[in-house]
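A.B. asks: Based on what follows, work out the 3D shape:
(chains A, B, C and D)
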There are 2 protein chains.
Amino acid sequence: MPVGSIDRRVARTRGLLQQALVKLIVEKGYAAVTVEDICRQANVGRSTFYTHYPDKDCLRKAAIDQHLKPLRTSDTRRGSQPDTKGFSFSRSVFEHALATRAMHRALIGGSKRETPEEIHDWISKQVRRELTDLSGHCESSIELEIATRFVVGALLEVMHWWLDHDADISPADIDRTFQQMVFDGVKTALDAPTDAGGKRHPS
Amino acid sequence: MPVGSIDRRVARTRGLLQQALVKLIVEKGYAAVTVEDICRQANVGRSTFYTHYPDKDCLRKAAIDQHLKPLRTSDTRRGSQPDTKGFSFSRSVFEHALATRAMHRALIGGSKRETPEEIHDWISKQVRRELTDLSGHCESSIELEIATRFVVGALLEVMHWWLDHDADISPADIDRTFQQMVFDGVKTALDAPTDAGGKRHPS
DNA sequence: TACGATAGTGGACACTGTGTCCAGTATCGG
DNA sequence: CCGATACTGGACACAGTGTCCACTATCGTA
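C.D. replies: Residues are numbered from 1 along each chain as shown, chains lettered A, B, ... in the order given. Below you'll find the predicted structure:
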């Protein structure tokens, strides 16, 4: 029996199935893809499918996992300058998204807003961590949580737009714009949670 | 034949179906709800369903439409102070969301990120309009578009969190925090689209 | 109130997709 | 080479969809 690694046939089949799924999502959207479609596309028997994945969703999760592996393993903290203002990870997210554009759109959600829970949680974790470092707040702070959600929502939305839209904006540019929008906004609110001036809200 | 208004029976049936859908979504999530479920819950024959809506999605759209009607008709520009810094509509969005919390979560998407296209587009329009007023940009500006997406993503995400989370934060408070995060961030970026200082980005 | 028009009913039907099972065959790796 | 493992394809039961139709209930109006 194979000790550490996986049987060639298993690797082959799973690879084919994941590839097939991505191709079919691009063609007609995740919801419209059936298990039979995937098997036909991958040249794999339908019963074989079920020996590897219990259903379509699990195949998708596995594909996402595979797709995000490089992003997860590479440590996004580059310069390790603890007092740098700004995110260090968002740039690599944008870069990775562009590099694997077609697959990214298929798996993470292009025009459709169907970002899987997994991804959402992973990004939230990154954001929360960096936000914690940047601000004096502890992780359980309500303001920090709101800020995290704020940034995650904004990041995903901007990224989806950027991938769908065919403007030639480089990852560096979109990241700069994104961070420009985030800071001087989120950070200010985080440092001064109570409305200090009161000039902005007439009510 | 009924001239202007709708036959009582029609109104009754549609109302029952929409109510049933909402209740079932709360119970087990939109995806798991079947047409048969809806009909059973509503005490309506299955064939009747199809005389009103071609499928589950259309029923949902109709329900959303119904649910958003009050928000759409009330003009969100209250004070008509054109130079006020800040959004005038987001507050009413938060208020409406809280007031119809259960239904809102069911239809617009609570823990699941499945905000229907329709809603997304409507909110985008509001945001784009107000952002256009607040900045010197014309509607077709790329920066404005990015900012719009940024704000929409952030708003929806924060709202979903707020509805799911049982922190007792009033609509006024969450709106204040939200706007605090948006402005001094988005507006700065919009007024100075090129990185004027260059102090923030070491690369 | 009577009556024509319209809406609702329930059951049958064809269809598509899911998930399970199994005996037979191909391929792997030691 | 050969035992272990994976793949195959076809059958099966099941659940849900969407359509159709004859029949009944209810509506609005004359």
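A.B. asks: Tell me the buried residues in the host helix or strand of residue A:156?
C.D. replies: Applying DSSP states H and E as the criterion places residue A:156 in helix A:142-164. Neighbour-count burial for helix A:142-164 flags A:143-163 (criterion: 16 or more other Cβ atoms under 10 Å in any protein chain shown). Using the backbone N, CA and C atoms, a C-beta is placed for each residue, glycine as well.
A.B. asks: Quick check, pLDDT for the closest residue to residue A:25 other than its chain neighbours.
C.D. replies: Nearest non-adjacent residue to residue A:25, counting by Cβ to Cβ, 6 or more residues apart in numbering or on different chains: residue A:106, 4.2 Å away. For residue A:106, the pLDDT comes out at 85.
A.B. asks: Could you report the neighbour count for residue A:106?
C.D. replies: If you count neighbours by other Cβ atoms under 10 Å in any protein chain shown, residue A:106 ends up with 23.
A.B. asks: That one: what's it in contact with?
C.D. replies: Shown in contact with residue A:106 (Cβ atoms under 8 Å, 6 or more residues apart in numbering or on different chains): A:22, A:25, A:26, A:30.
A.B. asks: Please apply the same query to residue A:159.
C.D. replies: A:93, A:94, A:97.
A.B. asks: Neighbours of the closest residue to residue A:34 other than its chain neighbours, how many?
C.D. replies: Excluding its sequence neighbours, the residue lying closest to residue A:34 (Cβ to Cβ, 6+ apart) is residue A:56, at 7.8 Å. Neighbour count of residue A:56, defined by other Cβ under 10 Å: 17.
A.B. asks: what's the answer for residue A:107, then?
C.D. replies: 26.
A.B. asks: That one contacts residue A:64, doesn't it?
C.D. replies: Yes - using Cβ atoms under 8 Å, residue A:107 is in contact with residue A:64, at 5.1 Å.
A.B. asks: So for those two, which residues contact both of them?
C.D. replies: residue A:116.
A.B. asks: Mind checking what helix or strand follows the helix holding residue A:156 in sequence?
C.D. replies: Next along from helix A:142-164, by DSSP H and E: helix A:171-182.
A.B. asks: just the helices in chain A please.
C.D. replies: Secondary structure of chain A (DSSP state H): helices at A:8-28, A:35-42, A:46-52, A:56-73, A:90-99, A:101-104, A:117-134, A:142-164, A:171-182, A:186-191.
A.B. asks: Which stretch among the ones you listed is buried most, on average?
C.D. replies: Of all the helices of chain A, helix A:142-164 carries the top mean neighbour count, a mean of 24, counting by mean count of other Cβ atoms under 10 Å in any protein chain shown.
A.B. asks: quick one: low-confidence ranges for chain A?
C.D. replies: In the predicted model, chain A carries pLDDT under 70 at residues A:1-4, A:74-85, A:110-113, A:185-203.
A.B. asks: One more pass at 80, please.
C.D. replies: Where chain A drops to pLDDT under 80, the residues are A:1-5, A:73-86, A:109-116, A:135-140, A:167, A:184-203.
A.B. asks: Which single residue in chain A comes nearest to DNA strand C?
C.D. replies: Residue nearest to DNA strand C within chain A: residue A:47 (3.2 Å; Cβ to the nearest atom of the strand).
A.B. asks: tell me the contacts of that residue?
C.D. replies: Applying Cβ under 8 Å, 6+ apart to residue A:47 gives no contacts.
A.B. asks: right, and the residue nearest to residue A:34 touches residue A:38 too?
C.D. replies: Yes - at 7.4 Å, residue A:56 and residue A:38 qualify as touching, with contact defined as Cβ under 8 Å.
A.B. asks: So which bits of chain A are right by DNA strand C?
C.D. replies: Contact residues, chain A versus DNA strand C (Cβ under 7 Å from any atom of the strand): A:1-3, A:7-9, A:34-36, A:46-47, A:50, A:54-56.
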